[in-house]
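Q: the following block contains a protein sequence and its predicted model.
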Amino acid sequence: MAKYVFITGGVVSGLGKGIMASSLGRLLKDCGLKVAAQKLDPYINVDSGMINPIEHGEVFVTEDGAETDLDLGHYERFIDEDLNKYSTTSAGGIYWKVLQKERDGDYLGQTVQVIPHITDEIKEFIYTAAKAGGADVVITEIGGTTGDIEGLPFLEAVRQIHAEVGDENAVFIHVTLVPYLGVTHEFKSKPTQHSVKQLQSLGIFPDVIVLRSEGPVGADIKRKIALFCNVNRDSVFECVDLPLLYEMPLMLERQNFCEIVLGHLGIKDLRPDLSDWKAMMDRIAKRDKEITVGLVGKYTKLHDAYYSTIQALHHAGIEIGSKVRIKWIESDTVEAGKEAEVLGDVDGIIVPGGFGERGIPGMLAASRYARENNVPYFGIGLGMQVGVIEFARNVLGLEGADSTEFDAGTPHPVVWNASANGEGHKNGAINGEGHKNGTMRLGAYPCAIRKGSLLEKAYGKAEVAERHRHRYEFNNDYREEMEKAGMSFSGLSPDGSLVEAVEIPESDFFIGVQYQPEFKSRPNRAHPLFREFTRAAMNRKYR
């Protein structure tokens with residue numbers, strides 16, 4: 001029987017519950033346990049796919065194509081397990097399923113209510129996560145803050161699960177803010193007390209409390225919170241601000257966090273082996289170089305919109321022994337002919353994914369600058385498409401070459417919606433569900449790699465599977481012409497019908513990929529393409 005860990009948040013949002021859940025997942029995995037992690041989001045959106053990245057951060061895509069909250073990226077990076085569609089849902093997703101069942105007559109004419117129908121659907125989702133992966137422990141993070149009206153059905157559902165599986169099979173961890181008042185020079189415990197009291201009024205009694213704070217709160221505050229919140233003193237933990245998020249598992253374990261949580265679950269005599277994690281932290285500390293990567297994007301006002309890309313760059317830096325400084329460049333600010341003003345001081349240029357025509361001229365200018373000045377260039381998704389459009393215009397001389405996403409009437413649609421133009425996807429890429437993101441290629445698809453290419457040198461394999469999230473594809477009508485002009489199509493779908501990766505062999509590093517490799521990067525195992533991109537940037541700086 002699986003054990004269940006439920007993580008809630010109090011006082012304010014943005015406390016890092018996802019990092020907390022991920023760190024616990026790492027500790028439990030290093031105890032030899034099989035861990036599943038999931039996020040329950042209270043918003044009404046059916047999933048994260050249609051939410052503006054500037055409002056909610058990046059959309060993280062799983063192997064099976066689920067569009068999820070960026071916290072799932074934390075789970076994968078820390079726990080090093082591929083998640084799936086059972087790893088996330090939302091209030092909208094739950095209500096959607098219940099309403100579909102009601103329309104199909106599954107409730108046999110019953111009056112459909114929050115309790116039991118919504119809560120039963122939530123419980124079934126949580127139980128399924130345990131069954132699907134054969135997990136020993138399921139870590140479930142409840143999004144939002146205790147007291148949010150939309151989160152109440154989720155809290156009621158996990159309360160019921162605790163009652164159903166028993167005390168030794170479920171534990172509640174409450175992550176809460178302990179603010180510091182500069183005027184009086186003291187930490188204040190009252191917000192935490194009120195947050196726990198609110199949880200208790202809902203029938204949930206936290207077993208463990210994690211205190212988020214700017215610095216150590218001290219034994220007196222911990223003792224006071226234990227007393228007023230009715231938890232053991234050894235079950236109150238500090239979680240202070242850290243310069244590097246990957247330090248958190250070690251910080252928690254110094255306080256015997258894993259032992260206490262396992263004790264609440266009735267599991268004895270297990271200790272995490274953190275030797276690999278500590279070795280990684282040692283490599284981080286020993287980095288003795290620094291490179292600057294210019295990230296040219298359209299959502300740079302919120303850095304979380306590119307969170308996995310940021311982390312993948314840092315992972316690569318760990319592996320090559322270099323710190324990676326990111327220069328954030330809003331693509332609207334890059335003007336043709338003046339690229340050097342904003343790009344002249346970078347060692348490499350990365351153009352990540354995105355949708356829509358805003359900011360495209362700046363991305364095209366950045367791609368051209370990289371190609372003409374032999375600056376390492378890495379285009380991801382939209383960044384690859386920008387690279388081939390720029391090449392078509394300025395190398396092939398195809399005036400007006402574009403993507404039909406930006407110009408439906410372009411005379412040279414080098415990038416197009418293959419499905420809309422009757423081509424379809426021979427590998428069943430488009431799911432055709434009828435809504436806007438039902439025409440997207442989502443999840444992992446195979447990529448056959450050309451022998452002798454830079455792509456093959458990076459991966460060291462003849463075929464890989466990478467995750468996709470896009471609607472438009474390279475137009476094969478232009479493949480032969482571009483290849484003759486010097487662009488190599490080094491990654492294709494196994495049947496050859498879809499272009500997965502391009503490169504310019506004459507450049508030290510100019511690669512564009514249709515997929516999003518950042519989702520598969522890990523802090524202790526950098527993604528090969530990010531590793532080789534940062535290595536090329538380092539070679540450029542230190543040659």
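A: Ah, there it is.
Q: verify the stated contact: residue 333 with residue 343.
A: No: checked against C-beta atoms under 8 Å, the pair residue 333 and residue 343 is beyond contact range at 10.6 Å. For the C-beta atoms, the positions are set from N, CA and C on the backbone; glycine is no exception.
Q: who has more neighbours out of these two?
A: Relative neighbour count places residue 343 above the other of residue 333 and residue 343, with 20 against 13, counting by other C-beta atoms under 10 Å.
Q: enumerate every residue touching the more buried one.
A: Applying C-beta atoms under 8 Å, 6 or more residues apart in numbering, we find residue 343 in contact with 294, 296, 329, 334, 349, 366, 369, 370, 375.
Q: looking at these, which one is closest to residue 135?
A: residue 296 (40.3 Å; C-beta to C-beta).
Q: and the closest one, bridged to which residues?
A: Counting by DSSP bridges, residue 296 is bridged to residue 329.
Q: how about the strands in the stretch 351-500 of the chain?
A: 377-380, 402-403, 413-416, 441-449, 463-470, 473-474, 488-492, 499-503 (DSSP state E, counting those that start in this stretch).
Q: counting contacts, what elements does the first one pack onto?
A: Packed against strand 377-380, as judged by 3 or more C-beta pairs under 8 Å, 6 or more residues apart in numbering; DSSP states H and E, are the following elements: strand 348-351, helix 360-373, helix 382-394, strand 510-513, helix 528-542.
Q: do that again at 6 Å, thanks
A: Packing partners of strand 377-380 (3 or more C-beta pairs under 6 Å, 6 or more residues apart in numbering; DSSP states H and E): strand 348-351, strand 510-513.
Q: can you redo the ones you listed as JSON lines with distance to residue 471 and mean pLDDT?
A: Formatted as JSON lines, these follow (distance: least, C-beta to C-beta, whole Å; pLDDT from 0 to 100):
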{"stretch": "strand 348-351", "distance to residue 471": "18", "mean pLDDT": "98"}
{"stretch": "strand 510-513", "distance to residue 471": "16", "mean pLDDT": "98"}
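Q: can I get the strands of the stretch 351-500 of the chain in JSON lines with mean pLDDT, mean neighbour count and distance to residue 542?
A: As requested, the strands of the stretch 351-500 of the chain are exported to JSON lines (pLDDT from 0 to 100; neighbours: other C-beta atoms under 10 Å; distance: least, C-beta to C-beta, whole Å):
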{"stretch": "strand 377-380", "mean pLDDT": "98", "mean neighbour count": "29", "distance to residue 542": "19"}
{"stretch": "strand 402-403", "mean pLDDT": "96", "mean neighbour count": "24", "distance to residue 542": "36"}
{"stretch": "strand 413-416", "mean pLDDT": "96", "mean neighbour count": "24", "distance to residue 542": "36"}
{"stretch": "strand 441-449", "mean pLDDT": "96", "mean neighbour count": "21", "distance to residue 542": "29"}
{"stretch": "strand 463-470", "mean pLDDT": "97", "mean neighbour count": "20", "distance to residue 542": "29"}
{"stretch": "strand 473-474", "mean pLDDT": "96", "mean neighbour count": "24", "distance to residue 542": "34"}
{"stretch": "strand 488-492", "mean pLDDT": "98", "mean neighbour count": "23", "distance to residue 542": "27"}
{"stretch": "strand 499-503", "mean pLDDT": "98", "mean neighbour count": "25", "distance to residue 542": "23"}
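Q: need the ones you listed in JSON lines with distance to residue 300, can you?
A: What follows is those, written out as JSON lines (distance: least, C-beta to C-beta, whole Å):
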{"stretch": "strand 377-380", "distance to residue 300": "15"}
{"stretch": "strand 402-403", "distance to residue 300": "21"}
{"stretch": "strand 413-416", "distance to residue 300": "23"}
{"stretch": "strand 441-449", "distance to residue 300": "24"}
{"stretch": "strand 463-470", "distance to residue 300": "19"}
{"stretch": "strand 473-474", "distance to residue 300": "26"}
{"stretch": "strand 488-492", "distance to residue 300": "27"}
{"stretch": "strand 499-503", "distance to residue 300": "24"}
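Q: relative to residue 536, which of those is closest?
A: strand 377-380 (8.9 Å).
Q: list the strands paired with that closest one, with their directions.
A: With DSSP bridges as the test, strand 377-380 pairs up with strand 348-351 (parallel), strand 510-513 (parallel).
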